[in-house]
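1. This is the structure alone, sequence omitted:
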């Protein structure tokens with residue numbers, strides 16, 4: 001391949017005149033974002049969200065606002081790839097000493113992933129034992145996670161995407177119904193989305209009734225919960241693989257997107273420049289139209305996550321009172337969120353719990369495998385030569401073999417909430433900030449000027465990245 005490339009023609013719906021039919025058809029682009037939403041809406045929203053709402057009220061809703069930074073970062077990373085055909089993860093491997101950043105990402109995942117698996121085994125098992133009323137939660141949790149792992153291995157991407165869209169729909173409906181029936185005062189709620197930096201102290205009843213919770217610094221809980229809201233390091237990198245599978249942007253109509261991306265990467269290695277993109281204004285315009293599915297997908301994902309996260313925090317503030325569920329009865333005790341409104345809502349809560357947690361583990365197995373594969377293939381020829389499904393199988397073995405023993409330790413007293421908070425801090429906050437800084441820098445440096453984002457958008461992204469680290473300063 002030599003010379004300038006040409007971008008494929010956009011789908012007709014992207015260039016059609018504005019109409020209701022056009023905008024409804026836009027919903028069909030919602031795919032990879034459904035996986036992000038389903039993986040994101042899980043333990044954090046069901047456990048940490050209501051608990052924070054119980055003692056902090058609406059005061060930490062601003063964490064949802066600043067989590068938008070991760071969606072901007074996800075957009076910038078995927079935008080770079082859909083325009084250039086090269087993944088920012090590939091550039092990290094090339095442009096940092098011996099792939100330093102890639103190794104950092106892999107180390108973070110391999111260290112903290114077992115803690116995440118332990119937490120999901122515990123909470124998913126508790127939900128299944130509660131729903132069916134029989135059996136030990138560890139048996140349920142282990143069996144369900146193994147089942148999800150098998151489904152992820154034998155399934156295809158389209159199945160995962162479709163199932164996650166269904167999970168997200170159930171979660172969204174459950175959250176909206178619950179909050180609508182509570183009828184909270186919106187004027188008390190809305191200002192809290194913009195009170196960035198507001199750090200409440202524990203009420204006196206928390207110190208008296210829940211001394212173990214009061215020992216945890218409030219900023220640590222804030223950072224842990226922020227990690228549940230973000231497009232985490234896992235899904236940021238996994239998303240790059242999914243949009244390639246969808247054949248969006250430069251990959252449209254390409255039979256083998258991976259091979260095409262590899263060709264473009266080899267060209268970049270020779271020249272150190274992305275010099276194969278066309279200069280013609282029509283081609284530049286066409287390229288930017290091809291980005292619309294990406295923008296729509298991530299916008300819908302953020303809206304859904306924000307609505308569901310808000311609903312559970314608001315419900316916790318209105319309904320839990322002075323009841324903060326323990327590690328052992330996390331979900332059963334929080335059934336009050338639904339059942340105290342109307343007993344017939346209890347099954348809806350149980351269904352929402354199952355879909356949230358099963359969706360997290362099912363989509364999460366694919367996301368983690370994709371993330372480590374995409375990050376490691378430029379560091380190791382051995383990984384690059386392994387067929388993806390086979391690599392995914394190896395990752396499943398690692399996740400289950402390390403996570404299940406930690407879940408058993410949780411039964412004997414190791415705090416699941418503490419494990420979850422620390423894991424989400426590193427995967428959902430620290431890793432995201434590192435990835436975001438690298439993505440902003442690479443996009444500005446290597447994309448040809450005509451294809452770069454405008455200065456205003458760069459400024460907005462940097463502003464949100466700065467807001468994203470505000471909870472760290474709350475320690476001071």
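-> Arrived safely, thanks for sending. Bear in mind the structure is a predicted one, so any value in this text is a computation, not a measurement.
2. Would you list the phi and psi of residue 450?
-> phi -60, psi -20 (degrees, to the nearest 10).
3. so who does it touch?
-> 277, 279, 284 (Cβ atoms under 8 Å, 6 or more residues apart in numbering). From N, CA and C alone the C-beta is placed, and that goes for glycine too.
4. per-residue confidence for residue 299?
-> We have a pLDDT of 94 for residue 299.
5. Contact partners for it?
-> residue 71.
6. swap the cut-off to 10 Å and go again
-> 26, 30, 33, 71, 75 (Cβ atoms under 10 Å, 6 or more residues apart in numbering).
7. Distance of the last one relative to residue 18?
-> In this view, residue 75 and residue 18 are 22 Å apart by Cβ to Cβ, to the nearest Å.
8. which of those two has more neighbours?
-> Shown here are residue 75 and residue 18; by other Cβ atoms under 10 Å, residue 75 has more neighbours (23 against 7).
9. ok, now how distant is the spatially closest residue to that one that is not a sequence neighbour from residue 142?
-> Counting by Cβ to Cβ, 6 or more residues apart in numbering, residue 298 is the residue found nearest to residue 75 once chain neighbours are left out, at 5.4 Å. According to Cβ to Cβ, residue 298 and residue 142 sit 34 Å apart.
10. The two - which one has more neighbours?
-> Using other Cβ under 10 Å, the more surrounded residue of residue 298 and residue 142 is residue 298, with 24 against 19.
11. which parts of the longest helix anywhere in the chain are buried?
-> Longest helix of the chain, by residue count under DSSP state H: helix 100-132. By neighbour count on 16 or more other Cβ atoms under 10 Å, the buried set for helix 100-132 is 101-106, 108-109, 112-131.
12. For the stretch 301-450 of the chain, give me the ranges with low pLDDT.
-> 320, 325-346, 348-349, 352-353, 356, 416-417, 420 (pLDDT under 70).
13. Mind jotting down where the helices sit in it?
-> Along the stretch 301-450 of the chain, counting by DSSP state H, counting those that start in this stretch, helices occupy 330-333, 336-339, 346-376, 381-385, 388-411, 416-425, 431-446.
14. what's the angle between the fifth one and helix 100-132?
-> Regarding helix 388-411 and helix 100-132, their directions subtend 60 degrees when assessed with axes from the mean of the first three to the mean of the last three Cα atoms, to 10 degrees.
15. Which secondary structure elements does helix 388-411 sit against?
-> Packed against helix 388-411 by the contact rule (3 or more Cβ pairs under 10 Å, 6 or more residues apart in numbering; DSSP states H and E) you find helix 100-132, helix 137-154, helix 346-376, helix 381-385, helix 416-425.
16. quick one on the thing from earlier: now do the longest helix of the chain against helix 416-425: the angle between them, please.
-> Going by the same axes, to 10 degrees, helix 100-132 makes 150 degrees with helix 416-425.
17. Measure how far helix 100-132 is from the centre of its chain, please.
-> Distance of helix 100-132 from the chain centroid (Cα atoms, centre = their mean, to the nearest Å) equals 13 Å.
18. just stretch 73-92 next, same as before
-> Taking mean C-alpha positions (Cα atoms, centre = their mean), stretch 73-92 and its chain are 17 Å apart.
19. Report the buried residues of that stretch.
-> Residues of stretch 73-92 classed as buried by neighbour count (16+ other Cβ under 10 Å): 73-92.
20. The residue nearest to the spatial centre of the chain: what's it in contact with?
-> Centroid-nearest residue in the chain, with Cα atoms, centre = their mean: residue 231, separated by 3.2 Å. Shown in contact with residue 231 (Cβ under 10 Å, 6+ apart): 33, 36-37, 39-40, 67-75, 77, 238-239, 298, 301-302, 305, 428, 432, 435.
21. cutoff 7 Å now
-> Residues near residue 231 by Cβ atoms under 7 Å, 6 or more residues apart in numbering: 36, 70-71, 74.
22. From residue 78, how far off is it?
-> 10 Å.
23. that older thread, so which of the helices and strands packed on helix 388-411 is nearest residue 457?
-> In terms of Cβ to Cβ, the element of these nearest to residue 457 is helix 100-132, at 23.2 Å.
24. Return the set of buried residues in stretch 443-451.
-> 443, 446-448, 451.
25. Name the nearest of these relative to residue 255.
-> residue 451 (24.4 Å).
26. Just the pLDDT for the closest one.
-> Per-residue pLDDT puts residue 451 at 93.
27. these two touch, right, it and residue 277?
-> Yes - contact criterion Cβ atoms under 7 Å: residue 451 and residue 277 qualify, at 6.2 Å.
28. Measure how buried the spatially closest residue to residue 383 that is not a sequence neighbour is and give me the count.
-> Excluding its sequence neighbours, the residue lying closest to residue 383 (Cβ to Cβ, 6+ apart) is residue 376, at 4.5 Å. Residues lying near residue 376 (other Cβ under 10 Å) number 22.
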